[in-house]
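sequence first, then the predicted structure, then my questions.
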Amino acid sequence: GALVRPAADADERAAESALRPTSLAEFEGQPRVSDQLGLVLEAARHRGAVADHVLLSGPPGLGKTTLAMIIAGEMGAPLRISSGPAITHAGDLAAILSGLTEGEVFFLDEIHRMSRPAEEMLYLAMEDFRVDVVVGKGPGATAIPLEIPRFTLVGATTRAGLLPGPLRDRFGFTAQLDFYDTPALEHIVHRSAELIEAHLDQAGAAEIARRSRGTPRIANRLLRRVRDYAQVRADGRITATLARAALELYEVDELGLDRLDRAVLRAVCTRFGGGPVGLSTLAISVGEERETVEEVAEPFLVRQGFLMRTPRGRVATPAAWRHLGLAVPGGVTG
Ligand code: ADP
């Protein structure tokens with residue numbers, strides 16, 4: 001689970017930043033998104049206009065922050081970064097918006113976790129480049145419209161469905177980022193290896209890519225951990241055999257499941273008889289936050305065919321029992 005979460009410590013963050021592609025041309029693995037976004041930005045540049053607001057949705061670690069940085073770079077515009085949970089009052093948002101410069105890109109991560117009043121302020125800002133600043137209290141309060149610079153909002157969310165319709169509708173362009181295929185991840189791992197000067201052969205890259213659960217952030221993290229192992233326990237060269245040994249040590253299995261994923265599966269199978277079990281109960285039983293289980297472990301386990309979402313809760317499939325080396329109980333189908 002820890003593998004996919006945004007880095008908590010400064011070293012990890014710096015290591016991650018160093019590997020970010022800085023142009024659309026370098027942003028591999030999402031050709032449709034790159035093509036469409038490239039067109040949107042080029043058209044805006046031609047018109048000498050500020051680019052339309054962009055909504056990026058998809059699981060963590062697929063490149064939403066990276067794309068926001070690329071958008072600013074391609075537009076030659078400065079970038080301002082904030083997140084939904086950081087904006088607790090509409091006033092926080094008003095302060096940010098009125099401090100933007102003309103054409104600035106405003107990246108708002110976890111936009112679905114913004115407070116209601118801030119959300120309403122954002123509607124107006126996106127549409128009319130205006131905020132209403134409320135002065136006074138009670139019946140005497142008045143809203144004073146304040147013009148703000150034209151800006152491009154880049155909103156990011158793990159699921160577009162979490163956004164209220166009116167907010168979604170105010171984006172000129174929406175991109176759904178998908179999990180990356182293994183060849184794309186191999187490219188990314190090779191590129192990263194070059195940047196960190198790691199010796200990585202083709203088979204080693206394939207091994208890391210295969211276990212990265214479709215996610216560039218994980219691919220880069222696994223690469224760094226495998227590089228550590230190669231330097232300390234071997235001659236620094238990353239081969240398939242070495243990558244396998246290293247990833248075994250870090251408890252990432254051959255399908256990319258990590259400790260949290262297996263804990264979730266084991267809980268469903270052994271503690272809850274295969275399910276159905278509710279998400280909150282499941283999260284408590286593995287000692288994780290509900291959000292982490294819901295946004296990180298579950299989508300991957302569902303995609304791998306280990307877990308099913310049913311109206312009554314999560315259910316383990318026969319593949320889950322087998323992956324854990326357990327006998328599939330009678331009556332479990334799917
Ligand atoms: P998100 O904002 O969606 O959680 P990030 O943009 O922070 O994801 O990306 C996580 C890491 O993955 C970054 O370090 C970045 O270098 C890498 N990354 C993401 N997308 C790509 C890509 N298309 N090509 C190469 N590296 C990528």
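Looks like it came in fine. Since the structure is predicted, the reported quantities are computational estimates derived from the model, not experimental observations.

near the ligand, which residues of the stretch 151-300 of the chain?
Within the stretch 151-300 of the chain, the positions adjacent to the ligand are 188, 216-217, 220 by CB under 6 Å from any ligand atom. Where you see a C-beta, it was placed from the backbone N, CA and C, and this is true even at glycine.

can you pick out the most distant pair from those residues?
Comparing all pairs in those by CB to CB, the longest separation belongs to 188 and 217, at 10.0 Å.

quick one: the strands in the stretch 201-334 of the chain, in order.
With DSSP state E, counting those that start in this stretch, the ranges of strands along the stretch 201-334 of the chain come out as 237-238, 307-310, 313-316.

which strands or helices does the last one pack on?
The contact analysis (3 or more CB pairs under 8 Å, 6 or more residues apart in numbering; DSSP states H and E) places strand 313-316 against helix 279-285, strand 307-310.

CSV for the ones you listed, including mean neighbour count, mean pLDDT and distance to residue 117?
What follows is the helices and strands packed on strand 313-316, written out as CSV (neighbours: other CB atoms under 10 Å; pLDDT from 0 to 100; distance: least, CB to CB, whole Å):
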stretch, mean neighbour count, mean pLDDT, distance to residue 117
helix 279-285, 17, 95, 28
strand 307-310, 16, 95, 32
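
so where's the protein uncertain?
1-8, 333-334 (pLDDT under 70).

50 instead?
1 (pLDDT under 50).

now it against the ligand: closest residue?
Per CB to the nearest ligand atom, residue 63 is where the chain lies closest to the ligand, at 2.8 Å.

is that residue in contact with residue 215, as I believe?
No - using CB atoms under 8 Å, residue 63 is not in contact with residue 215; the gap is 9.3 Å.

what do those two both touch?
Counting by CB atoms under 8 Å, 6 or more residues apart in numbering, residue 63 and residue 215 have no shared contacts at all.

on that earlier part again, mind giving me the PyMOL command for buried ones among the residues of the stretch 151-300 of the chain next to the ligand?
Filtering these down to the buried ones (16 or more other CB atoms under 10 Å) takes a single PyMOL command:
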select buried, resi 188+216+217+220
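
the nearest residue to residue 29 once chain neighbours are set aside: neighbouring residues, count only.
Distances taken as CB to CB, 6 or more residues apart in numbering place residue 184 nearest to residue 29, at 3.3 Å, with adjacent residues excluded. Using other CB atoms under 10 Å, the number of residues around residue 184 comes to 18.

what do you get for residue 276?
Residue 276: 16 neighbours (other CB under 10 Å).

quick one, what contacts the residue of the chain closest to the ligand?
27, 30, 177, 216.

sort out for me which of these are in helices.
residue 216 (DSSP state H).

can you tell me which of the contacts of residue 63 has the most neighbours?
residue 216 (29 neighbours).

gap between the residue lying closest to residue 30 once chain neighbours are set aside and residue 51?
Using CB to CB, 6+ apart and skipping the chain neighbours, the partner closest in space to residue 30 is residue 177 (6.0 Å). As judged by CB to CB, to the nearest Å, residue 177 and residue 51 stand 18 Å apart.

same thing with residue 138?
With distances taken as CB to CB, residue 138 is found 41 Å from residue 51.

more neighbours: the two, which one.
residue 51 (27 against 5).

in which helix or strand would I find the more buried one?
Taking DSSP states H and E as the definition, residue 51 sits outside all helices and strands.

which residues touch it?
Contacts of residue 51 (CB under 8 Å, 6+ apart): 40-41, 44, 71, 75, 105, 152.

next one: residue 302
Taking CB under 8 Å, 6+ apart as the test, what residue 302 contacts is 308-309.

does any bit of stretch 107-115 sit next to the ligand?
No - using CB under 6 Å from any ligand atom, stretch 107-115 never reaches the ligand; the gap is at least 6.8 Å.

contacting residues around that stretch?
55, 64-65, 68-69, 72, 79-85, 87-90, 93, 122, 153-159, 162-163, 167.

swap in 7 Å and give it another go.
65, 68, 79-85, 87-88, 153-157, 162-163 (CB atoms under 7 Å, 6 or more residues apart in numbering).

let me see the backbone angles for residue 107.
phi -90, psi 120 (degrees, to the nearest 10).

how near is it to residue 84?
Taking CB to CB, one finds residue 107 at 11 Å from residue 84.

neighbour count winner among these two?
residue 107 (24 against 19).

wait, residue 136 touches residue 144, no?
No - in this structure residue 136 lies outside contact range of residue 144 using CB atoms under 7 Å: 9.8 Å.
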